[in-house]
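1. Using only what follows, build the 3D model:
(one chain, ligands or ions: 2)
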Amino acid sequence: MYKTVTLVGLGSVLALTACGIPDGGDSDVVAVQSKVTGCVPGASQISIFQGSVVGLGECRTLNPGFYPTGTTFGLPNDSIQSVSVGQSARAVLFRDDHYFGPRTILTMNTGGLVPNTSSIRVERNSDNCQSSTYAPGTGAVAIYDFPNYDGTAYDPNTGRGDCTVVHNDDVCIWVPSGAGRFANPDQCFGLRNDLISSAKIGPNTTGIFHRDANFTGIVQVLHTSQPDFGTLSIGDNTVSSIEVTSP
Ligand SMILES: [Ca+2]
Ligand SMILES: [Ca+2]
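-> Residues are numbered from 1 along each chain as shown. Ligands and ions are numbered 1, 2, ... in the order given. Purely as a prediction, here's the structure:
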């Protein structure tokens with residue numbers, strides 16, 4: 001008799017829990033659950049949250065690519081406090097618009113960020129061009145503000161010394177003009193205009209650099225890495241669009 005009564009009681013508790021009905025002691029759990037927004041990044045994506053804990057608050061999930069202003073990443077400027085990073089992605093956050101000011105590189109889920117982000121790059125985790133030992137793979141071209149592939153010395157005060165990597169199978173999300181075609185710096189290769197001074201070219205890869213946007217102006221074709229664009233006919237700090245090809 002007693003055993004039967006106990007089983008009925010347990011069944012009642014389990015039913016209440018499954019239905020999410022608070023029993024008076026669950027109020028904290030219910031409050032947290034009501035804020036969970038469900039942004040979960042795929043392997044190559046990131047999710048950005050207004051909450052200071054990953055998973056909480058207004059959120060957006062971003063595909064790989066370049067987000068030069070707050071309006072492009074879908075949450076208000078200076079509101080992101082946490083980021084979830086897909087397993088093959090990394091997030092590069094900048095305090096200012098157009099990839100300027102202090103830069104934060106995230107390779108894992110991170111909360112408690114100062115809410116000051118104004119531009120974002122969603123990159124492959126392997127695109128760590130700021131490392132002096134970085135070597136692009138086949139189909140990849142790393143582009144640097146400084147000569148001699150110096151991506152180690154980014155200066156947040158001047159915004160100088162930045163680098164990014166573009167791939168033959170990437171498509172610019174804002175100006176889609178085919179794989180490996182990057183029509184302008186701000187939206188398609190994540191640097192400000194007229195900065196490029198050197199480039200590392202991956203094996204069996206060609207970088208086609210144009211002085212003007214939309215694949216116009218003087219052209220420079222490179223099959224191997226070039227430490228100083230100042231020695232080339234296209235000149236230093238002139239590149240405004242790029243094509244990358246690989247057989
Ligand atoms: Ca430069
Ligand atoms: Ca130019």
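
2. show me where this protein has strands.
-> Secondary structure of the chain (DSSP state E): strands located at 46-49, 59-62, 65-67, 82-85, 89-96, 100-106, 119-124, 140-144, 163-167, 181-182, 198-201, 206-212, 216-222, 241-245.

3. got TSV for these, with mean pLDDT and mean neighbour count too?
-> (C-beta placed from N, C-alpha, C; glycine too.) Shown next, in TSV, are the strands of the chain (pLDDT from 0 to 100; neighbours: other CB atoms under 10 Å):
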stretch	mean pLDDT	mean neighbour count
strand 46-49	97	26
strand 59-62	96	20
strand 65-67	98	23
strand 82-85	98	23
strand 89-96	98	22
strand 100-106	96	17
strand 119-124	98	23
strand 140-144	98	26
strand 163-167	98	24
strand 181-182	98	26
strand 198-201	98	22
strand 206-212	98	20
strand 216-222	98	15
strand 241-245	98	23
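
4. Serialize those strands to a markdown table and add fields for distance to residue 232.
-> A markdown table is the format used below for the strands of the chain (distance: least, CB to CB, whole Å):
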| stretch | distance to residue 232 |
| --- | --- |
| strand 46-49 | 35 |
| strand 59-62 | 34 |
| strand 65-67 | 25 |
| strand 82-85 | 36 |
| strand 89-96 | 28 |
| strand 100-106 | 26 |
| strand 119-124 | 26 |
| strand 140-144 | 14 |
| strand 163-167 | 18 |
| strand 181-182 | 18 |
| strand 198-201 | 10 |
| strand 206-212 | 8 |
| strand 216-222 | 5 |
| strand 241-245 | 14 |
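
5. Now distance to ligand 1 too, for the ones you listed, in CSV please.
-> Formatted as CSV, those follow (distance: least, CB to the ion, whole Å):
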stretch, distance to ligand 1
strand 46-49, 28
strand 59-62, 27
strand 65-67, 18
strand 82-85, 29
strand 89-96, 18
strand 100-106, 14
strand 119-124, 18
strand 140-144, 7
strand 163-167, 10
strand 181-182, 17
strand 198-201, 8
strand 206-212, 13
strand 216-222, 15
strand 241-245, 14
